[in-house]
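> Okay, here's the prediction I keep looking at, along with the sequence it came from:
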Amino acid sequence: MPIEHGRQAQINSLGQQSLCSSSFVIPGATGENPTPKNVETSAYRGPIASTPGRFETRTKGVVLYLHYQFLTIGNIHTTPYQDVNYLESQGCLHVPNPSILEVFLRSYFMHVHVFLPLIDEGDFWDMYFGSPNTTDPPKTTVSLLVLQAMIFSASNFVPLPILQELGYHDVSTARTELYRKTKLLFDLEIESTHLPLAQSALLLMGWVPNSPSNTSPVPWRTWLNQALYHAKLISAHRHGAIGEAMTWAHSTEKPPAATLRRLWWCCIILDRISPLCTRFRLQITPEIFDFETCVPLGFSDLQGEIYRSKVFAPATKRRLIEIFTKFMDLLMILTEVLPIAFPFEAKLEASPGSTKDEEDTILTCREQLANWYEAVNTDFPAVTGHQPYQEASVVDPINSAVLYTNLMYIYYYTSCITLFNREIFSQVSQEAIESSEICREITRCVLGITECVGALTQYDLMMYLPVTVLACLATPLALYVVTARLSSLDRELALSYIDGQSDIDLVSDRSKLDVLIEAVDSFSPKYTLAAQWVKETAKHAANLAQSYNRVLSLSGEEAMRDWVHMLMRHPKEYLGLTWTVDLCISKTKLPERHDFPIHLRKMLEKLN
């Protein structure tokens, strides 16, 4: 957390020159800063900026940031006054009043912080509430930029009436406006200190556009590059390798080692989860960080929060930290899995026959994932709906342990599916998969994701999941929709089912499809465009499967009955479908012929 010891630290930072430039580069490639100014520029000076007086309708629930003694702007005295006036006119220098702000902050620590412990919760609350016996300024402060980023990231989970007090009529509008405000602060270089710039960039990775844009890159990648750039400039990666649970509140170091350690490992967390869900390669690789000898962020780093949390009882907080440590163990395995799982950017023309090194890597990853599951499942089993319903308690009023346990398993099952699909890719030169083991494993994982989200729906917890889960649902949904389409036999099914109307005569698969569609729909109020695209991707996959069945029919061959039959008898066609789904999620558009490896292009050409 960009918390400084005393105001003097802020004053000393005012003269620092901003390193922002107008071009985007990959961090580490040059000495330049990968500025995010080209990320969703429509959100930068959009309709709200061109409508004088719009902000006046929202001033009832906000106050000027100076109302809070702990808030600072490190670069405000060197910022052109025109920019300061513009920021003020857009509400960027205003924050929610105390009663509303506390709702946002509690939502942040309850729903964002658990799997992204960027700051120390106990230290933050100590700063926020201060000492009741003194009127002296707080010894620690936080950048307005970071607080606005926290408010943005928590807006998903704040009750609608609270958002309406700030003038927003729905969650989507609130997210768009809060992102715009935070990005304005970032772009106009109101902060020049690397720590708050890195932290706010990580929190802004949660931005998902709700309108099509052909002018900007993938937002989360740009923000991650920005975070890595600033983190490296303050040597966060050096502190990330050291397992010292140093408490910043008692350190004279600025920024303290414990804060930098949290920052770097949160970079790693998002550099694993985001590529896993959106099918990109890693930025933080073993070549630039020693994962073998490092000490991951864990219980010793976070245990100081157990009795200082304002949102969880100590027993619940301890349980969540234990879940987080298992989650980190999974992410360490992804360091090996992801580089071979999604070869879109580097290995398109690789031979389908795997090399010995690839075979060994795949086998090692499978063993690591199996060992992780065996070790974790005993103490932290997924809640699948088969167990008795766990009533919420006073110490855990929203069943947060259920929420984060199942979220962890959703990531696990998604990791397994990506690895197994890569293994199939290495064997695709065969006419069929000789062993049914991979098929059983993929079936287990698809069912596992379905049961996890089904249980979360039963517990009314879907609203608290991050948007990354929506991407995890894409492949299971597509496979069940393919089965629904193929099971319709000679009926021309336009997949009106996916919009809530169906005549599919299925029992178990229909109920699974129901679960996944309901889960995807739960994201629509916040991520309308993304949820719709996941559905469209599933429809497109079903169209391809049905087209291939027509080809089989014309050649007199047996038609495919479902996705499992496709995998067993027609592995290339199965790969063509799953590769299509991955590319749709990765590129947010239908893939083109050159996006596929040559041996898959030939299969797709049959369908045209």
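Yep, it's here.
> how about low-confidence regions in the stretch 351-500 of the chain?
Along the stretch 351-500 of the chain, segments meeting pLDDT under 70 span 351-355, 387, 392-395, 429-435, 488-500.
> can you rerun that using 90?
Within the stretch 351-500 of the chain, the stretches with pLDDT under 90 are 351-360, 384-398, 423-437, 485-500.
> do the same with the stretch 51-200 of the chain
51-60, 74-77, 79, 130-140.
> can you give me the strands for it?
62-64, 71-72, 94-96, 140-143 (DSSP state E, counting those that start in this stretch).
> of these, which approaches Val218 most closely?
With C-beta to C-beta as the criterion, Val218 lies closest to strand 140-143 of the strands of the stretch 51-200 of the chain, at 25.8 Å. In this view, the C-beta of every residue, glycine as well, is placed from N, C-alpha and C.
> Quick check: which helices or strands does that closest one pack against?
Helices and strands touching strand 140-143, by 3 or more C-beta pairs under 8 Å, 6 or more residues apart in numbering; DSSP states H and E, are strand 4-5, strand 71-72, helix 121-129.
> Please identify the most buried of the ones you listed.
Mean neighbour count, computed with mean count of other C-beta atoms under 10 Å, is highest for strand 71-72 among the helices and strands packed on strand 140-143, reaching a mean of 23.
> which residue is nearest the centroid of this structure?
Note on the chain: the residue nearest the mean C-alpha position is Thr468, at 4.1 Å, using C-alpha atoms, centre = their mean.
> export the strands of the stretch 51-200 of the chain to TSV and tack on distance to Thr325?
TSV is the format used below for those (distance: least, C-beta to C-beta, whole Å):
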stretch	distance to Thr325
strand 62-64	38
strand 71-72	33
strand 94-96	33
strand 140-143	27
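> Among those strands, which comes closest to Asp562?
Across the strands of the stretch 51-200 of the chain, closest to Asp562 is strand 94-96 (C-beta to C-beta), at 50.6 Å.
> List the buried residues of the closest one.
Within strand 94-96, the residues scored as buried using 16 or more other C-beta atoms under 10 Å are 94-96.
> residues making contact with stretch 512-532?
Residues outside stretch 512-532 that contact it (C-beta atoms under 8 Å, 6 or more residues apart in numbering): 156, 170-172, 175, 208-212, 447, 450, 453-454, 456-457, 462-463, 465, 467, 469-470, 473, 476-477, 480-481, 483-484, 497-498, 500, 504, 506, 534-535.
> roughly how far apart are the residue nearest to Ser143 when sequence neighbours are not counted and Tyr179?
Distance criterion C-beta to C-beta, 6 or more residues apart in numbering; nearest residue to Ser143, sequence neighbours excluded, is Pro196 at 3.7 Å. When distance is defined by C-beta to C-beta, to the nearest Å, Pro196 is 17 Å away from Tyr179.
> ok now do the residue nearest to Ser143, which residues does it touch?
2, 74, 143, 145-146.
> again, but for Leu583
Here Leu583 is in contact with 279, 344, 591, 595-596 (C-beta under 8 Å, 6+ apart).
> ok, now Thr325?
298-299.
> The one 4 residues further on now?
Counting by C-beta under 8 Å, 6+ apart, Asp329 makes contact with 296, 372, 376.
> what do you get if the cut-off is 7 Å, keeping everything else the same?
Asp329 makes contacts with Trp372, as judged by C-beta atoms under 7 Å, 6 or more residues apart in numbering.
> Where does it fall, secondary structure wise?
helix 314-341 (DSSP states H and E).
> Quick check: buried residues in that helix?
Result for helix 314-341 [16+ other C-beta under 10 Å]: buried residues 316-341.
> what comes up buried for the helix or strand just after it?
Downstream of helix 314-341, the next assigned helix or strand under DSSP H and E is helix 356-379. Within helix 356-379, the residues that count as buried by 16+ other C-beta under 10 Å are 358, 361-362, 365-366, 368-369, 372-373, 376.
> do stretch 563-572 as well
For stretch 563-572, by 16+ other C-beta under 10 Å, it's 563-567, 569-572.
> now it: mean pLDDT?
When pLDDT is averaged over stretch 563-572, the result is 88.
> Name the residues that touch that stretch?
By C-beta under 7 Å, 6+ apart, stretch 563-572 touches 424, 428, 432-433, 436, 439, 443, 479, 482-483, 545, 560, 573-574, 600, 603.
> starting at the chain centroid, how far to it?
Computed by C-alpha atoms, centre = their mean, to the nearest Å, the chain-centroid distance of stretch 563-572 equals 31 Å.
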